[in-house]
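In: Model the structure of this input:
(2 chains)
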Number of protein chains: 2
Amino acid sequence: MSIRVKILGSNSAAPAHRRHHTSQLVNVEGHYYLIDCGEATQLQMARFKIRPQKINHIFISHLHGDHYLGLIGLLSTMHLQGRQASLNLFGPKGLSDIITLQLKHSETVFNYDLNFFAIDTTVNKVIHEDDFITVSTIPLNHRIPCSGFLLEEKAKKRRINKAKIPADFSVRNIVRLKHGEDILDEKGALIHANSDLTFPPKKAFKYAYCSDTKYDESILPIINNADLLYHESTFTEEHSERASNTFHSTAKQAATIALKANVGRLLLGHFSVRYKDLTPILEEAQTVFDNSELAIEGEEFILTDQ
Amino acid sequence: MSIRVKILGSNSAAPAHRRHHTSQLVNVEGHYYLIDCGEATQLQMARFKIRPQKINHIFISHLHGDHYLGLIGLLSTMHLQGRQASLNLFGPKGLSDIITLQLKHSETVFNYDLNFFAIDTTVNKVIHEDDFITVSTIPLNHRIPCSGFLLEEKAKKRRINKAKIPADFSVRNIVRLKHGEDILDEKGALIHANSDLTFPPKKAFKYAYCSDTKYDESILPIINNADLLYHESTFTEEHSERASNTFHSTAKQAATIALKANVGRLLLGHFSVRYKDLTPILEEAQTVFDNSELAIEGEEFILTDQ
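Out: Here you go, the predicted structure:
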């Protein structure tokens, strides 16, 4: 199984140094989920040859402009390109009011169903589930209501080792083995589900997206053991006071969260415009958590066992 | 005197073919006026090395997204960059509601004064006047309330030819000559203002911006004799029915308006995404009005007598 995170934008506040407002496209086995949608996200999609109509779910973390100002343009382009498929949009309640007001003044009625789901940014709760993933909210600690998102691939069943299954084995027993249950065979002997009659299921990955937030250990139980954690790192420690005042994190703080949550990899982003060169941010994080990387636009961060 | 029109975006509806949503920066003798502000206008400014803080007046023609979705991002960037100077914003009434709602949800209070002036899109009326230009509305014929803008440089006074002025000439008479008044000299002889004692004033230019609109001759008296007319030309005649149904114009129609209004030059823009190559639009316009040009992004169209 696999999760692929494509960075469309990773700058904070205002675009600068050829970096754009925040947006990420998450591809789970060919199914596309957009997280945040800053200004010009649709242009970034065109640049990276991503077709907007592939996306059926959009998640907006909060209502600072650098995380959603590209949304109405993207939704409009989907409409103009003749989209028919419904689209599910998750975000703070006010987002719906903003979109509704804009559509009212442009006298536009989309030719597809836009289903809006208001999220509660104060709790950890499943907000979406389909055949591939479960998405839940991560309450973040920011100036305005803000939620991260935890995307978890659904656990798959064990896989039958056809070469080893006796010919007289019942279908019922095969199904039980797939579900990981121990069974009795036709002669009454115990067979463990994880015997050589089965292969283990493919790995289900876990991606945690945390932007924007100040350092807050209350998220640790939620993001624990994530294979990949995106955690904002707007500043370096040199500006830790500014980070705290603006409810943002430093690279060291992001790395500390990664370490304490025992994640596999850390992805740093939401860079302040003051950093043209991002090396100080990366190096600071790596002093705490070696497996840190920069969310560079156009790059894809891949979790896969295939 | 001079008016310089820099094209920041000239596509209609959705960005395509590396063309962006509509926006133009008008430079009148070093004073900057922004007309329309589609998504990513601030990125186009960065691309063309234009500093947002130079702009003190913004005019929004109507509330279709491709003409204003970049505004809130630009205003926010001005705020983040520490703008102190007040900014005057002109547009349909609803624009203020949209901005207010977005700022409410982001809990942002700009550190500069944003003065909003609601425009009446149904009348031709002066909406702004400063030492350099007068701006008035041009009622356009579109699906939703929409206004073009007429920018007219202020007429300057005649210039005194110092070499010809007699030494005993009174200051009062010099001032009157500058204002174009005929005077009597010290001996009681009539001197015409346009005699060789003065040079004519420098030319004051007139720029008419008309987007979006269907073909409508009612604008002719307003834009008559403009030195430069920007008129939308979303389609070619092949799609004249679609142009009419969507309240847009063809290149031929734009050129016909240019011809009948006796303008100096015609600038074509607001191109449909169906045209990757814009040659058909230019050629169609030139069959009617030879002095037609395409509003290519990054190009500057200059009116000057200097």
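In: For chain A, what lies in contact range of chain B?
Out: Contact residues, chain A versus chain B (Cβ under 8 Å from any Cβ of the partner chain): A:13-16, A:20-21, A:39-40, A:42-43, A:46, A:63-66, A:69-70, A:72-73, A:76-77, A:80-81, A:92, A:94-95, A:97-98, A:101-102, A:104-107, A:143-144, A:273. C-beta here means a position set from N, CA and C on the backbone, and glycine is covered the same way.
In: Now the buried members of those.
Out: The neighbour-count test (16 or more other Cβ atoms under 10 Å in any protein chain shown) applied to the residues of chain A next to chain B identifies A:13-16, A:20-21, A:39-40, A:42-43, A:46, A:63-66, A:69-70, A:72-73, A:76-77, A:80, A:92, A:94-95, A:97-98, A:101-102, A:105-106, A:143-144, A:273 as buried.
In: hmm, back to that, counting only strands, which of the residues of chain A next to chain B make the cut?
Out: Secondary structure from DSSP state E places none of the residues of chain A next to chain B in strands.
In: And the helices in the stretch 1-150 of chain A, which stretches?
Out: For the stretch 1-150 of chain A, the helices defined by DSSP state H, counting those that start in this stretch occupy A:41-47, A:71-80, A:94-106.
In: Arrange the ones you listed in JSON lines, one row each, with distance to A:Ile55 and mean pLDDT as further columns.
Out: Conversion of the helices of the stretch 1-150 of chain A to JSON lines gives the following (distance: least, Cβ to Cβ, whole Å; pLDDT from 0 to 100):
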{"stretch": "helix A:41-47", "distance to A:Ile55": "9", "mean pLDDT": "98"}
{"stretch": "helix A:71-80", "distance to A:Ile55": "8", "mean pLDDT": "98"}
{"stretch": "helix A:94-106", "distance to A:Ile55": "16", "mean pLDDT": "98"}
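In: Now do A:Phe169 against A:Leu190, distance only.
Out: A:Phe169 is 15 Å from A:Leu190, where distance means Cβ to Cβ, to the nearest Å.
In: Compare these two and say which one has the larger neighbour count.
Out: Taking other Cβ atoms under 10 Å in any protein chain shown, A:Phe169 and A:Leu190 do not tie; A:Phe169 has more neighbours (17 against 9).
In: of all of the stretch 201-306 of chain A, which residue lies closest to chain B?
Out: Relative to chain B, the nearest point of the stretch 201-306 of chain A is A:Val273 (8.0 Å; Cβ to the nearest Cβ).
In: so that residue sits right up against A:Ala13, yeah?
Out: Yes: A:Val273 sits in contact with A:Ala13 when judged by Cβ atoms under 8 Å, with a separation of 6.4 Å.
In: so what's A:Leu268 bridging to?
Out: Assessed by DSSP bridges, A:Leu268 has beta-bridge partners A:His231, A:Leu294.
In: pLDDT score assigned to it?
Out: With respect to pLDDT, A:Leu268 scores 98.
In: got a list of what it touches?
Out: A:231-233, A:251, A:254, A:281-282, A:285, A:292-295 (Cβ atoms under 8 Å, 6 or more residues apart in numbering or on different chains).
In: CA-only coordinates of stretch A:139-146 in PDB, if you can.
Out: In PDB, the C-alpha atoms belonging to stretch A:139-146 read as follows (Å, rounded to 0.1, in the frame of the first residue of the first chain):
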ATOM      1  CA  PRO A 139      -6.800  19.800  17.400                       C
ATOM      2  CA  LEU A 140      -4.000  22.300  17.000                       C
ATOM      3  CA  ASN A 141      -3.000  25.300  19.100                       C
ATOM      4  CA  HIS A 142      -3.100  28.400  16.800                       C
ATOM      5  CA  ARG A 143      -4.400  31.900  17.000                       C
ATOM      6  CA  ILE A 144      -7.700  30.900  15.400                       C
ATOM      7  CA  PRO A 145      -9.500  27.600  15.300                       C
ATOM      8  CA  CYS A 146      -7.200  25.200  13.400                       C
END
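In: what about it, average pLDDT?
Out: On average, stretch A:139-146 scores 98.
In: So what touches it?
Out: A:61-64, A:92, A:121-124, A:147-148, A:210-214, A:216, A:218-219, A:246-247, B:105-107.
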